[in-house]
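Q: Predicted structure and sequence below. I'll ask about it afterward.
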Amino acid sequence: MKNMVYIQSGGPTSVINTSFYGAIKEAQRHPEEIDHIYGSLHGIEGLIIDDLIDIGQEDEEQIELLLQTPGSILGTTRRKLPKDIHDEVYLKIIENLKKHSIKYVFVNGGNDSMDTCYKLSLLVKELGLDIVVIGVPKTIDNDLACTDHSLGFPSAAKFVINAVNALAMDAKCFQVGKVHIVEIMGRNAGWLSAAPDLLPPETRPQLFYIPERKFDLEQFLVDVKKVYEKEGYALVAISEGIDFPRDTKSMRVDGFGHAQLGGAAADLCHIVEDRLNLPTRAVEFSLVQRAFPACISLVDRNEAIQTGELAVKSALEGKTGNMIIFKRVSSNPYKIELQLCDLSKVANAESKITPSMMVDETRMSDEYRNYLRPLVEGEVTLKCKDGIALMANFKKAKVK
Ligand code: F6P
């Protein structure tokens, strides 16, 4: 008996379940090689505490709904595994892999989760086990190394662009406007915060602040005042991770060791009110930007399916210790190749916006726009009932 287990890890995206869908569909095409498809509940936790579910028990209709279901259907975790792969926690994982005759392990996650994936691949190799481990990339932050982009980023960018487009129309219509500061996710990388640069001048933010460029509070105030005096309102896009003097002591730290960000727009608005005496509004997209199914990009959806499928095909060919990556062949027309990359190159590395992608705080460069434009293309149609998008609801039958 040979089974597979799928793990979802780190922050969810609106297409993380779509990659899982692709993997399920491909696995179902190989019943002679994969007897059971299991899901590990709450990321690696499920393999540590023996908490697996049998996907074979789920209705096909619910599996189809994975295509439009945000969040991680299997549950997720930000638990960082110990550096030492001989720590007893790994013994538990190995014990459970053996107990359930698992030959194929898939870890769907971002930088920190690829570290988990890499460690697992090293361990099974060291123990000489007949188990393969493959990484499936995702993160709205788009900061995974070695790949053109990460699944989930295109859809989050599509949401952010459309949300800013709409809110700009609202922001512009008052006689006495406000300074609107829009806070966008992305921790240490500004890929997502820069996305509204694709908008036409009428609705584009006049200023952008991303973590890759040093944030100068005094210059920020000068720039905001200038824009406001000229336009009668200001629309400013900031990355949640920009660094300015504020009280960060109360921020919680997650299992991967990252501070839970948020509140930067509100803090900056207070500073603008105090120092410039201008009315403000803080807008924080928060979790909705990584979870909004109506803004799934068709490119993101299709690539997520293909990635899940390729992960299973690669595992069946005996590939291990790799993550699927995207290599861009051309931007216009958009052409991408899916390849495999050694996990050692990906784990814990970070990809950031390069200096040539940003002109200054008012504009990104053509290089960035040409990179982003094809990723956000194409719309999906959602299955709805009473006007509400349907979400997959799994029975989650436990594997004994
Ligand atoms: O996983 C990436 C991410 O979405 C970041 O952009 C963000 O900083 C973080 O997760 C927020 O995570 P949570 O609110 O789930 O702790």
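A: Happy to help now that I have it.

Q: Excluding sequence neighbours, find me the nearest residue to Gln28.
A: Using Cβ to Cβ, 6 or more residues apart in numbering and skipping the chain neighbours, the partner closest in space to Gln28 is Ile37 (7.5 Å). Quick note: C-beta positions are derived from backbone N, CA and C, even for glycine.

Q: Okay, and the beta partners of that neighbour?
A: Beta-bridge pairing for Ile37 (DSSP bridges): Met4.

Q: Touching, it and Gly56? I think so.
A: Yes - Ile37 lies in contact with Gly56 (Cβ atoms under 8 Å); the separation is 6.1 Å.

Q: who's more crowded, those two?
A: Using other Cβ atoms under 10 Å as the criterion, Ile37 and Gly56 rank with Ile37 on top: 22 against 15.

Q: if I look at the more buried one, how far off is the ligand?
A: Note on Ile37: its distance to the ligand, by Cβ to the nearest ligand atom, to the nearest Å, is 25 Å.

Q: And for Tyr371?
A: Distance of Tyr371 to the ligand, given as Cβ to the nearest ligand atom: 19 Å.

Q: Can you report phi and psi for that residue?
A: Main-chain torsions, Tyr371, degrees, to the nearest 10: phi -70, psi -50.

Q: Tyr21 too?
A: The phi/psi pair for Tyr21 (degrees, to the nearest 10) is phi -60, psi -50.

Q: neighbours around it, how many?
A: Residues within reach of Tyr21, counting by other Cβ under 10 Å, total 24.

Q: wait, what's in contact with the nearest residue in space to it that is not next to it in sequence?
A: Ranked by Cβ to Cβ, 6+ apart and with sequence neighbours excluded, the top spatial neighbour of Tyr21 is Leu66, at 4.2 Å. Neighbouring residues of Leu66 by Cβ atoms under 8 Å, 6 or more residues apart in numbering: Asn17, Thr18, Phe20, Tyr21, Ile24, Ile73, Ala392.

Q: Where does the chain get nearest to the ligand, residue-wise?
A: As assessed by Cβ to the nearest ligand atom, the ligand sits closest to Gly11 within the chain, at 2.2 Å.

Q: if I look at that residue, how far off is His149?
A: Distance, Gly11 to His149, using Cβ to Cβ, to the nearest Å: 16 Å.

Q: what helix or strand does Tyr228 sit in?
A: With elements taken from DSSP states H and E, the one containing Tyr228 is helix 217-231.

Q: Could you do Arg281 as well?
A: Element membership of Arg281 [criterion: DSSP H and E] is strand 280-284.

Q: Run the contact check for that strand versus the ligand.
A: No - figure legend: strand 280-284 not in contact with the ligand (Cβ under 6 Å from any ligand atom); closest approach 11.3 Å.

Q: quick one: contacts of that strand?
A: By Cβ under 8 Å, 6+ apart, the list of residues contacting strand 280-284 from outside reads 167, 171, 178-183, 262-263, 265-266, 268-270, 272-273.
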